[in-house]
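Enquirer: I'll drop the sequence and a predicted model, then ask my questions.
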Amino acid sequence: MLACPPMVRPGCEPPLVPRTRVDMRMTFRCAGSMMRIVRAFAVASALLVMGCTSIAGLSGDYTVGAGGTGGTAGTGGTAGTGGTAGTGGTAGTGGTAGTGGTAGAGGAGGSGGSIPATCLNGQQDGEETDVDCGGPLCPACPNGSGCETGADCTSGFCPVDDGVCCNVACDGTCEACVAAKTNGTDGTCAPIPIFEDPDQECVAPPPLGCDGAGSCAACGAEATPPGGSCPGVCHFCEGGDTCVFDCDQTQECEYTSINCPPGWHCDIRCGGVHACRGTIINCPDQYRCDLACGAIQHACQETDLLCSGNGPCSISCASSDTCRDTEVTCGENDCTAACVGGDLPVLHSCPGACNCTGC
């Protein structure tokens, strides 16, 4: 702190009323000292304003006391956080952050997407690939529905040859995803039945179509009989898949027609004299058909064996005169004759069969 000098120097105490000339001089000297003190205080005050801490040059140098510390600065308010962007069809933008203290308001949520009314009217219209589904605007279609690309289907598969949504890619040989080709269910991939070829995949020889197991049929292929009860026209059945006509008595089947039942392989056995003379044999479609002529006189004389269009067919002649004037009309599948000398059967339509082997 600033030391306050005495207002009157020691020894400078004039009398209240100067009485002599000496007293007058003392009074004036004290007055001069007082004037110097007043000037010193004025200078000290100015120096304090300018930050000086001492005053030199004055009698009994004076020291300026240190200034008090200022108060602590106040902290500003915390800025508010911006609002969260709304959810919806198109996301709304977030609100602008608020100024210090007050939080900004959140942005408005976007509006959700909507399905066009044409996708809910129970009709196939616009760019829909089936009723109320497919195309760029409507939901994807379930399996079995019409489609143009995989994007039209919930499964992501639209086989190009079928045009329906499928459970798998179904792009292999001899398989399809429509009931019209597989006899199965629309939308479920399955093999194309044997000897059928709706997509013309099996054009190389032999052109027999598919084999029923996902490949093209080889020459000599045959369908697998479904089995069941032996058909009434058969003399008996063997192996659960073959109908047998057993003509082992003289003239037993002479000049008759033998019609092999569908869905069964067919064995015709002619073991008696003239047992099958002049007989017409109609083979089953898709299934094997075999004519066996025993070593008995004219067992199969003038017999006509009509092979089916795509089932394999064969004739065997066990003696020289068994198959006199016998004729075989081949189909597209394997057509074979096996003979033991003498009269031989005539094979017709060999160029159309995948294999034609005569005696």
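Expert: Perfect, I can see it now. These figures come from a predicted structure and were not determined experimentally. Numbering: from 1, shown residues only.

Enquirer: run a quick neighbour tally on residue 241.
Expert: Applying other CB atoms under 10 Å, we find 16 residues neighbouring residue 241. Where you see a C-beta, it was placed from the backbone N, CA and C, and this is true even at glycine.

Enquirer: numbering from 32 from now on, please.
Expert: I'll keep to 32 as the first residue from here, and by that count the last item is residue 272.

Enquirer: which one is it nearest to, not counting chain neighbours?
Expert: Distance criterion CB to CB, 6 or more residues apart in numbering; nearest residue to residue 272, sequence neighbours excluded, is residue 256 at 3.9 Å.

Enquirer: cool, residue 331 as well?
Expert: residue 324 (3.7 Å).

Enquirer: what of residue 149?
Expert: In space, and not counting its chain neighbours, residue 149 is closest to residue 157: 5.1 Å by CB to CB, 6+ apart.

Enquirer: the one you found: which element?
Expert: Assessed by DSSP states H and E, residue 157 sits outside every helix and strand.

Enquirer: now do the helices in this structure.
Expert: In the chain, the segments counted as helices under DSSP state H are 52-80, 210-213.

Enquirer: out of those helices, which gets the lowest mean score?
Expert: Note on the helices of the chain: helix 52-80 shows the lowest mean pLDDT, a mean of 37.

Enquirer: which residues are in contact with residue 170?
Expert: 146, 150, 163-164 (CB atoms under 8 Å, 6 or more residues apart in numbering).

Enquirer: same thing but at 7 Å, please
Expert: By CB atoms under 7 Å, 6 or more residues apart in numbering, residue 170 lies in contact with 150, 164.

Enquirer: what of residue 207?
Expert: Residues near residue 207 by CB under 7 Å, 6+ apart: 192-193, 201, 213, 221, 223.

Enquirer: pipe those residues into TSV and attach neighbour count and distance to residue 358 per row.
Expert: TSV is the format used below for the contacts of residue 207 (neighbours: other CB atoms under 10 Å; distance: CB to CB, whole Å):
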residue	neighbour count	distance to residue 358
192	15	41
193	25	43
201	22	45
213	22	38
221	17	40
223	25	34
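
Enquirer: out of those residues, who's nearest residue 180?
Expert: Using CB to CB, residue 193 is the member of those that sits closest to residue 180, with 12.8 Å.

Enquirer: surely the residue nearest to residue 272 meets residue 293?
Expert: No: between residue 256 and residue 293 there is no contact under CB atoms under 7 Å: 9.5 Å.

Enquirer: more crowded one of these two?
Expert: Neighbour tally, residue 256 and residue 293, criterion other CB under 10 Å: the higher count belongs to residue 256, 21 against 14.

Enquirer: so for that one, what's the pLDDT?
Expert: Residue-level confidence at residue 256 comes out at 95, pLDDT.

Enquirer: now it: how far from residue 196?
Expert: 34 Å (CB to CB, to the nearest Å).

Enquirer: give me the below-cutoff pLDDT ranges for the stretch 132-281 of the chain.
Expert: 132-144 (pLDDT under 70).

Enquirer: now do the strands in it.
Expert: 206-207, 221-222, 267-269, 273-278 (DSSP state E, counting those that start in this stretch).

Enquirer: show me what contacts residue 220?
Expert: Residue 220 neighbours (CB under 7 Å, 6+ apart): 197-199, 201, 206, 208.

Enquirer: likewise for residue 185?
Expert: 171-173.

Enquirer: using ChimeraX, define a selection of the buried residues within the residues you listed.
Expert: Here is the ChimeraX selection string for the buried members of the contacts of residue 185, based on 16 or more other CB atoms under 10 Å:
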select :171,172
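
Enquirer: picking up where we left off before, need the contacts of residue 207 in TSV with distance to residue 299, can you?
Expert: TSV is the format used below for the contacts of residue 207 (distance: CB to CB, whole Å):
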residue	distance to residue 299
192	40
193	41
201	41
213	33
221	34
223	31
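
Enquirer: tell me the one of the residues you listed nearest residue 313?
Expert: residue 223 (26.2 Å).

Enquirer: I'd like to know how far the closest one sits from residue 209.
Expert: 10 Å.

Enquirer: between the two ends of stretch 287-306, how far is it?
Expert: 10 Å (CA to CA, to the nearest Å).

Enquirer: tell me the buried residues in that stretch?
Expert: So for stretch 287-306, counting by 16+ other CB under 10 Å, buried means 289, 291-292, 294-306.

Enquirer: thinking again about what came up before, need the contact list for the residue nearest to residue 272.
Expert: 272, 294-296, 318.

Enquirer: pick the one among the residues you listed closest to residue 329.
Expert: Using CB to CB, the contacts of residue 256 come closest to residue 329 at residue 296, 26.3 Å.

Enquirer: related to what we said a few turns ago, show me which of the contacts of residue 220 is closest to residue 389.
Expert: The closest of those to residue 389 turns out to be residue 206 (CB to CB; 37.1 Å).

Enquirer: so who does the closest one touch?
Expert: 220-223, 245.

Enquirer: just the closest of the residues you listed to residue 331, please.
Expert: Using CB to CB, these come closest to residue 331 at residue 223, 37.1 Å.

Enquirer: that closest one against residue 241, yeah?
Expert: Yes: in this structure residue 223 lies within contact range of residue 241 using CB under 7 Å: 4.4 Å.

Enquirer: residues shared between the contacts of the two?
Expert: Joint contacts of residue 223 and residue 241 (CB under 7 Å, 6+ apart) are residue 205.
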